[in-house]
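# Sequence and predicted model, in that order:
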Amino acid sequence: MTATYDIFQQVFALSQISNNLIRMEGKKEYLQLQMNSYVQHYLNYDSTPTPDITALLGEWSVVWGPVVFQAPTSNVSDNAMLVARSTATLPDGSTKDVCVVAIAGTAAMSNFDWNCEDGIGGKTGAAIEQVVSWTDFLATPSETVVSQPIAGQPYISLGTATGLYTLLVEMTDQNKTLADYLGTVSADILVVTGHSLGGALSAALGLYLAQNKVAPQIPITYVYATAGASPGNDVFAQIFTKTLPPQIGPSPSKSWNVDIWNTRDVVPQAWSIAPADPSIRTICNVNGIYNNDSTTPAPTQITTLSSNMYNWSKNSGVTYTPIEGSRFTAPFTYVIKDDDFSLPINVPPKQLSGFAAQALYQHSTAYSLEIFGEAPRLPAYSADPVQGVTKESICELYSYFKNLLGMTAPCDAQE
């Protein structure tokens, strides 16, 4: 049976499935049960999905994971990852045995993610100002920072190294790391995918697996990264392109080995500090990304954050450079909804709540609309969270980001 979704849509759907815990709280064991319950609704994992799901997505089986990582003192899923496998149809009509590594993005209220991996939480910027030698990391994954970067050498941010170390070392399924598992697998194609933080980590992990020949019985490695920040410097980006040459398709989202990005999405603008230009990714685009100007300036918290981000990047001593990208421009939204919550949004936004709401839409829903287009969406998973797990409300998220980024507008503010 041929799936309704093409291979790119299937891979993005798997990326979304890996993200099902991003607004959930609970102890690790309960979050793991929640992840398992969600995954088996869509993939072959202890049970078989319903025909309406397989008609869209195809028949994918979980072969490693899903694995949830929770940092000390955390009450959320700070990282999550799974490997799924299927016989899938490629754009040329051929069918191939495909393994997909799907990496979750930032958990909405994860201090570990925001501070230690993304690098925008707090005021120190250590996860960006400090860098790790990519050459050394390839030899032995670690979070060892360098005191003085050397020109012409590849580096990744400490945040990238922390996330990658977690994926490669801290997360195991039945005592097997991801590398242990992939070293035993024979397939045609390996795809590494993720969105947001998962987008940056999927680029770095894909390159790590390819350069180290971790999966010797899988001849082709692709990366399907969406909305990722720059994992490393210019030399790292050059090595990525040389090792995993971009394959640009007929539309932005039907491409391999690039970062698929929305020009109105704030996240992929990090961490380059090139001059503002909407056709490229740079922190200098952030203040005006939603048409704010001298008449209606961006909220003070945003200009302060973008200034901090610029300085952290500059202070790193390396030239942060995104991997090659494939861009699209989503339309603005003028209202954001969540369950029974609705917030009108001005463009340009006058307050931080409106800026944040637009940013959330451009970073999430806009990608689904671009990638899935007119195709039906997967049926929603409507079951209540398992015992011991709760879903974070919009008001809780506003309160959290008020502390993280200085948000002052109440959750019911009109924009």
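Received it, and whenever you're ready, just let me know what you need. Owing to the predicted nature of the structure, the values given are computational and were not obtained by experimental measurement. Numbers count the residues shown, from 1 in each chain.

# Mind checking the pLDDT average for the helix or strand containing residue 16?
Secondary structure from DSSP states H and E places residue 16 in helix 7-18. When pLDDT is averaged along helix 7-18, the result is 98.

# try stretch 291-305
Taken as a whole, stretch 291-305 has an average pLDDT of 94.

# contacting residues around residue 238?
For residue 238, the contact set (CB atoms under 8 Å, 6 or more residues apart in numbering) is empty. All C-beta spots, glycine's among them, are computed from the backbone N, C-alpha and C.

# Next, residue 80: secondary structure please.
Here residue 80 is recorded as strand under DSSP: H, G, I helix; E, B strand; the rest coil.

# Report the contact partners of the residue lying closest to it once chain neighbours are set aside.
Distances taken as CB to CB, 6 or more residues apart in numbering put residue 104 closest to residue 80, at 3.9 Å, once the chain neighbours are dropped. Going by CB under 8 Å, 6+ apart, residue 104 touches 18, 19, 21, 22, 77, 79, 80, 81, 194, 197, 198.

# What backbone torsions are found at residue 104?
Torsion angles at residue 104 (phi, psi; degrees, to the nearest 10) stand at phi -70, psi 160.

# My guess is residue 196 contacts residue 228. True?
Yes. Counting by CB atoms under 8 Å, residue 196 touches residue 228, with 6.9 Å between them.

# Those two: which is more packed in?
A direct count of neighbours by other CB atoms under 10 Å for residue 196 and residue 228 places residue 228 higher, at 30 against 27.

# Look up how far residue 392 lies from that one.
Distance, residue 228 to residue 392, by CB to CB, to the nearest Å: 23 Å.

# And for residue 190?
Taking CB to CB, one finds residue 190 at 33 Å from residue 392.

# Between these two, point out the one with more neighbours.
Legend: neighbour count by other CB under 10 Å for residue 190 and residue 392, higher for residue 190 (24 against 17).

# which phi and psi does that one have?
Main-chain torsions, residue 190, degrees, to the nearest 10: phi -110, psi 130.

# Identify the residues contacting it.
Counting by CB under 8 Å, 6+ apart, residue 190 makes contact with 98, 99, 100, 101, 182, 209, 215, 218, 220, 221, 222.

# how does it look with 6 Å?
Residue 190 sits next to 99, 215, 218, 221 when contact means CB atoms under 6 Å, 6 or more residues apart in numbering.

# Show me which positions of the helix or strand that contains the last one end up buried.
Spelled out, it's residue 221. Secondary structure assigned from DSSP H and E places residue 221 in strand 220-226. Using 16 or more other CB atoms under 10 Å as the test for burial, strand 220-226 gives 221, 222, 223, 224, 225, 226.

# Chain neighbours aside, what residue packs nearest to the fourth one?
Meaning residue 224. Nearest one to residue 224, counting by CB to CB, 6+ apart, is residue 193 at 4.2 Å.

# Equivalent analysis for the second one, please.
In this structure, residue 222 finds its nearest non-sequential neighbour in residue 256, 4.2 Å apart by CB to CB, 6+ apart.

# From the structure, what's the count of residues near the one you found?
Residue 256, neighbours per other CB under 10 Å, totals 24.

# That one and residue 224: what is the separation?
6 Å.

# now residue 313
For residue 313, the distance to residue 224 equals 26 Å [CB to CB].

# As a markdown table, the contacts of residue 104 with neighbour count and distance to residue 154 would be great.
Shown next, in a markdown table, are these (neighbours: other CB atoms under 10 Å; distance: CB to CB, whole Å):
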| residue | neighbour count | distance to residue 154 |
| --- | --- | --- |
| 18 | 29 | 27 |
| 19 | 23 | 28 |
| 21 | 26 | 32 |
| 22 | 23 | 30 |
| 77 | 30 | 30 |
| 79 | 29 | 23 |
| 80 | 29 | 27 |
| 81 | 25 | 24 |
| 194 | 32 | 20 |
| 197 | 29 | 20 |
| 198 | 30 | 21 |
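
# Out of those, flag the one nearest to residue 164.
Comparing the contacts of residue 104 against residue 164 with CB to CB places residue 79 closest, at 10.2 Å.

# Give the bridge partners for the closest one, please.
Bridge pairing for residue 79 (DSSP bridges) gives the partners residue 69.

# Return the distance of it relative to residue 105.
Distance, residue 79 to residue 105, by CB to CB: 9 Å.

# For residue 215, the count of nearby residues, please.
Neighbours of residue 215 using other CB under 10 Å come to 23.

# Next, give phi and psi for it.
Dihedral pair for residue 215: phi -110, psi 80, per degrees, to the nearest 10.

# what's the closest non-adjacent residue to it?
Ranked by CB to CB, 6+ apart and with sequence neighbours excluded, the top spatial neighbour of residue 215 is residue 182, at 4.1 Å.

# For that neighbour, give me the pLDDT.
Looking at residue 182, the pLDDT reads 98.

# what's downstream of the helix holding residue 16, the next helix or strand?
Next in sequence after helix 7-18, counting helices and strands by DSSP H and E, comes strand 24-25.

# so what's residue 232 closest to, chain neighbours aside?
residue 156 (3.9 Å).

# cool, residue 302 as well?
Per CB to CB, 6+ apart, closest to residue 302 is residue 355, 5.7 Å.

# residues in contact with that neighbour?
Neighbouring residues of residue 355 by CB under 6 Å, 6+ apart: 299, 302, 349.

# quick one, what contacts the first one?
Contact partners of residue 299, counting by CB under 6 Å, 6+ apart, are 351, 352, 355.
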